[in-house]
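A.B. asks: the following comprises the amino acid sequence and a computationally predicted model.
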Amino acid sequence: MLPAIPALLTERLIQQYGEGLAREIEAGFVRRPVTLRVNTLRSTPEQVMAVLENAGIAYERQSWYPDAFVLPGVREDAVQSLPEYEAGHMYLQSLSSMMPALVLSPKKGESILDMAAAPGGKTTQMAALSGNAALITACEKNRIRADRLQFNLDRQGASRVSVMCTDARQLNDLFRFDKVLLDAPCTGSGTILIAEGEQERRMTADWVAKTAKTQKAMLKKALTLLSAGHEMVYSTCSILREENEEVLNAVLPGMNAEVVPIDPAALGLGAEQLLPVIVPGVVCVKPTALHEGFFVAKIRKRK
């Protein structure tokens, strides 16, 4: 028997999107093809293409992000068994989770804070996008997860990342960063799976409210640490406004900050792949057979 979608999630989706769209969203809670990102610190897309072809693994390269590949018809272990995977030439990562780092667009010489970095997918992606030339501080408060983060950084060759085993909210307010990535802890409401073997998630109103409270505190801290006139990205793998637009609306006015519009087409997204939003310029990705539900906002701290 397939596990049910949490009743509270269904209720919130209907309240937020209406019953018709809510049912479409729930139909997108399915197992997706394996996707990977080429680690350009170790390899090139062409080299990874050759590896996949030699292994008999079919792939589809993504035009909106040439380092991203969809692998229809295989599971993760087919990739994980490749020597090149062990050597850090590629990283298993969902298409949606590749978007925040692309929107942030890290550059050489920039000082960047990754506030909730483990297990390191977005951290290593930022290192690759900057050619290993950005100075990245990666925070993770859990020691086991911080160790896993360091392992992935080492394997991917992300050598200019400093791991801090700390809650980013405890950083000294005197720190300043050119850019901040806050991929905030969330309910994961965009990543539910309806599949055999998937355990039903527990979701309560108290948990959602507590999560949103944490997100607001972290976003306020992020904007405190961001240099004036600079930009950050706030993202979650949730499709609930309470964790997304409502967090922005609660925090940005008091922090002298504004939303910078994102072009969905630059992320390979058409209108049919987007959910309606109440804050212009943000992106909420609809759960589909290819994409996890995901929210991304680009924010500028005014001078």
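C.D. replies: Now that the structure is in, tell me what you want to look at. Residues are numbered from 1 along each chain as shown.

A.B. asks: now stretch 14-22: how far from the chain's centre is it?
C.D. replies: In terms of CA atoms, centre = their mean, to the nearest Å, the centre of stretch 14-22 is found 24 Å from the chain centre.

A.B. asks: mean confidence score for it?
C.D. replies: On average, the pLDDT along stretch 14-22 is 97.

A.B. asks: number of residues surrounding residue 199?
C.D. replies: 7 (other CB atoms under 10 Å). In short, each C-beta sits where N, CA and C put it, glycine included.

A.B. asks: for residue 25, see how far away it is.
C.D. replies: As judged by CB to CB, to the nearest Å, residue 199 and residue 25 stand 20 Å apart.

A.B. asks: do the same with residue 223
C.D. replies: Taking CB to CB, one finds residue 223 at 30 Å from residue 25.

A.B. asks: kindly report the same for residue 243.
C.D. replies: 15 Å.

A.B. asks: now swap in residue 269 and tell me
C.D. replies: 15 Å.

A.B. asks: show me which of the two is the more surrounded one.
C.D. replies: Comparing residue 269 with residue 25 by other CB under 10 Å, the one with more neighbours is residue 25, at 25 against 20.

A.B. asks: which strand or helix spans the more buried one?
C.D. replies: Secondary structure assignment for residue 25, by DSSP states H and E: helix 19-27.

A.B. asks: contacts only, for the closest residue to residue 29 other than its chain neighbours.
C.D. replies: Spatial nearest neighbour of residue 29, chain neighbours left out: residue 192 (4.4 Å); criterion: CB to CB, 6 or more residues apart in numbering. Contacts for residue 192 were tallied using CB atoms under 8 Å, 6 or more residues apart in numbering; they are 5, 6, 9, 29, 201, 287.

A.B. asks: and if you look at residue 64?
C.D. replies: 265, 266, 267, 268.

A.B. asks: now with 7 Å?
C.D. replies: Residue 64 makes contact with 266, 267, 268, according to CB atoms under 7 Å, 6 or more residues apart in numbering.

A.B. asks: the second one touches residue 97, doesn't it?
C.D. replies: No. Residue 267 sits out of contact with residue 97 when judged by CB atoms under 7 Å, with a separation of 11.7 Å.

A.B. asks: doesn't residue 151 fall inside a helix?
C.D. replies: Yes. Counting by DSSP: H, G, I helix; E, B strand; the rest coil, residue 151 is found in a helix.

A.B. asks: got the buried residues for stretch 99-107?
C.D. replies: By 16 or more other CB atoms under 10 Å, the buried positions in stretch 99-107 come out as 99, 100, 101, 102, 103, 104, 106.

A.B. asks: hang on, the earlier thing: between the contacts of residue 192, which is closest to residue 126?
C.D. replies: Closest approach between those and residue 126, by CB to CB: residue 287, at 24.9 Å.

A.B. asks: state the pLDDT value of the nearest residue to that closest one once chain neighbours are set aside.
C.D. replies: In space, and not counting its chain neighbours, residue 287 is closest to residue 28: 3.3 Å by CB to CB, 6+ apart. Here, the pLDDT recorded for residue 28 equals 96.
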